[in-house]
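Colleague: starting from these lines, generate the structure:
(one chain, ligands or ions: 1)
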Amino acid sequence: VRYAALKGLYDLEKTIGSGGFAKVKLATHIATGEKVAIKIMDKISLGDDLPRVKLEVQALKTLLHQHICRLYQVIETDSHYFMVIEYCSGGELFDHIVEKNRLSETESRKFFRQIVSAVAYLHSLGYAHRDLKPENVLLDREENLKLIDFGLCAKPKNGIDSHLQTSCGSPTYAAPELILGKKYLGSEVDIWSMGVLLYALLCGFLPFDDNSIENLYRKILSGKYDEPSWLSSSSKRLIRAMLQIDPKKRITIQELCNHPWITAGFLNPVSFVHKTNFEKDDDVLSTMSAICGEHASDIWRKLVKSDRTDYRTATYLLLLDRKLRGLSLRISPSA
Ligand SMILES: COc1cccc(Nc2ncc(-c3ccc(C(=O)NCC(=O)Nc4ccccc4)cc3)c(OCC3CCNCC3)n2)c1
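Modeller: Numbering: from 1, shown residues only. Next up is the predicted model:
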């Protein structure tokens, strides 16, 4: 199906995912040949969830972190929203764990530190993710993790949106207080889900799993799970600290950043220093001026003044990514 709004800018390819009211397609940014993911939401099926897309776009524009998928461009037509997002060529962490059966403690630690860094950054901005699960953790080409929120679940960390309570977060990763419908803090719920994630990395299966939802709930509320023989005592201690039924007894994100298991083999605790905003790059600007004929200084002035989600921004960021990967900034002649 063709979308007029993308004509000449992006070539749509295969569908790489679909959720409630969103479909994600792989696409090519024609001018640079770079791959992107385009999340397509149609306004009719969004219904009264429409305002949440605006919140998500606002959120993503402020979330600048090396382990959170970058938003390049937003295109709104009267029938659709198109979010042009960083494409992660490594796919979902879930599939990576399945194909390796389970990950070593060292590989798990490398990945888990990146997740903790992204979540600590989210929390520092007052957000909670609330749907942390392997399907929402992607791998880029360098096997670095990118946290995403496919289901529009991330929300301000304190307070509850009751109607979201059930629809948000899959029960397998949901904390006891969320299941019991109690008032909960998003930051505490995220710690629990990260505990389930860490367990999945180290074990290759889930701590709480059952085909019947009641048994699953009962297992989660019991807080009891197997500790396979291959788990080190340090891993067991950390998992136990995260899978505490009482949210007030659960380890906090700050304690997590400094936990011995997290810092083992690394020089420093997890920091959520995030990447800065735009830095001016003359090579990229001169490449862009070769495409569109405008002066580099004019392009930069317009970039800085823009809302940072237009086509010019997408082109700049994609060329900057390519330069940071050490590739030439050649442009397809058809541009
Ligand atoms: C190679 O084979 C493969 C195989 C599979 C995937 C890929 N790659 C690949 N790259 C990029 C995406 C993507 C990124 C972000 C968003 C998004 O919705 N952002 C919004 C967002 O993250 N907000 C936010 C983040 C943090 C905090 C608060 C708000 C949507 C889609 C993707 O999607 C595919 C889906 C499929 C279903 N499970 C989830 C991923 N897939 C590649």
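
Colleague: could you list the low-pLDDT ranges of the chain?
Modeller: 1, 152-169, 275-277, 332-335 (pLDDT under 70).

Colleague: get me the contact residues on it for the ligand.
Modeller: 16-17, 24, 37, 39, 56, 59-60, 63, 68-69, 85, 87-89, 91-92, 122, 129, 135-136, 138, 147-150, 154 (C-beta under 6 Å from any ligand atom). In short, each C-beta sits where N, CA and C put it, glycine included.

Colleague: which of these count as buried?
Modeller: 16-17, 24, 37, 39, 56, 59-60, 63, 68-69, 85, 87-88, 92, 122, 129, 135-136, 138, 147-150, 154 (16 or more other C-beta atoms under 10 Å).

Colleague: ok, now which ones touch the spatially closest residue to Ala296 that is not a sequence neighbour?
Modeller: Excluding its sequence neighbours, the residue lying closest to Ala296 (C-beta to C-beta, 6 or more residues apart in numbering) is Leu285, at 3.8 Å. The contact partners of Leu285, taken as C-beta atoms under 8 Å, 6 or more residues apart in numbering, are 296, 299-300, 316.

Colleague: and the longest helix for the chain?
Modeller: Counting by DSSP state H, the longest helix found in the chain is helix 105-124.

Colleague: what is that one packed up against?
Modeller: strand 145-147, helix 186-203, helix 253-257, helix 260-263 (3 or more C-beta pairs under 8 Å, 6 or more residues apart in numbering; DSSP states H and E).

Colleague: now with 7 Å?
Modeller: Applying 3 or more C-beta pairs under 7 Å, 6 or more residues apart in numbering; DSSP states H and E, one finds that helix 105-124 makes contact with strand 145-147, helix 186-203, helix 253-257.

Colleague: ok, and which of the ones you listed has the densest surroundings?
Modeller: By mean neighbour count, with neighbours taken as mean count of other C-beta atoms under 10 Å, helix 186-203 ranks first of the helices and strands packed on helix 105-124 at a mean of 24.

Colleague: which helices and strands does that helix pack with?
Modeller: Packed next to helix 186-203, using 3+ C-beta pairs under 7 Å, 6+ apart, are helix 105-124, strand 127-128, helix 233-242, helix 253-257.

Colleague: nearest to the ligand: which residue in this structure?
Modeller: At 2.3 Å from the ligand, Gly17 is the closest residue in the chain, using C-beta to the nearest ligand atom.

Colleague: could you measure from that residue over to His29?
Modeller: Distance of Gly17 to His29, computed by C-beta to C-beta, to the nearest Å: 19 Å.

Colleague: Val137 too?
Modeller: Val137 is 24 Å from His29, by C-beta to C-beta.

Colleague: can you map out the strands along the stretch 201-335 of the chain?
Modeller: Along the stretch 201-335 of the chain, counting by DSSP state E, counting those that start in this stretch, no stretch forms strands.
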